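Colleague: What shape does this take:
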Amino acid sequence: MSVIAKAQIVTDKKILKRGDNLHDLSTNEKRILINQGFAYSDEEFDSIIEDGLDVNESFILSEAELKKMKKKADIVEYGKNFGLELSEDLSKEELILAVLNFVEENAAE
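Modeller: Numbers count the residues shown, from 1 in each chain. Here you go, the predicted structure:
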């Protein structure tokens with residue numbers, strides 16, 4: 001079972017960041033984190049992307065999560081949730097960087 005952290009997770013062995021794969025944890029630990037809302041499986045994340053990014057502004061994706069998006073149009077659409085207007089003429093990497101920078105700059109507001 002592949003599981004990805006939704007938020008920072010601190011264990012007795014290490015600190016995992018949002019978007020990290022939790023492959024080092026036991027199956028039981030992964031299930032607990034999913035049930036508590038701290039992590040989700042790859043299938044859950046893929047369904048979020050495939051369902052047209054029906055997300056709200058409180059749902060902030062990490063760089064790793066943005067990189068999983070297959071189409072530039074999905075990144076552009078995600079940016080619109082924050083009022084960000086992007087062009088699909090940019091490369092995928094440029095779009096991701098623009099979204100991350102915008103979210104970071106506006107997080108303090």
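Colleague: Would you mind measuring from A73 to K14?
Modeller: As for A73, its distance to K14 is 36 Å (criterion: Cβ to Cβ, to the nearest Å). Placement of C-beta: from N, CA and C, glycine included.
Colleague: Of these two, which one has the most company?
Modeller: Neighbour comparison, A73 and K14: the larger count goes to A73, with 13 against 9 (by other Cβ atoms under 10 Å).
Colleague: tell me the contacts of that one?
Modeller: The neighbours of A73, taking Cβ atoms under 8 Å, 6 or more residues apart in numbering as the test, are E88.
Colleague: Which secondary structure state is assigned to it?
Modeller: Using DSSP: H, G, I helix; E, B strand; the rest coil, the three-state assignment for A73 comes out as helix.
Colleague: Helices of this protein, residue ranges please.
Modeller: Assignment of helices within the chain using DSSP state H yields the ranges 27-36, 42-50, 63-67, 72-80, 92-107.
Colleague: just those helices: most buried one?
Modeller: With neighbours defined by mean count of other Cβ atoms under 10 Å, none of the helices of the chain is more surrounded on average than helix 72-80, at a mean of 18.
Colleague: For K13, see how far away the closest residue in space to E85 that isn't next to it in sequence is.
Modeller: For E85, the nearest residue in space outside its immediate sequence neighbours is G79; the separation is 7.5 Å by Cβ to Cβ, 6 or more residues apart in numbering. G79 is 36 Å from K13, where distance means Cβ to Cβ.
Colleague: Also D89?
Modeller: 44 Å.
Colleague: same question, I60
Modeller: Distance, I60 to K13, using Cβ to Cβ: 26 Å.
Colleague: now swap in S26 and tell me
Modeller: Counting by Cβ to Cβ - S26 and K13 are separated by 12 Å.
Colleague: likewise L95?
Modeller: Relative to K13, L95 is positioned 35 Å away (Cβ to Cβ).
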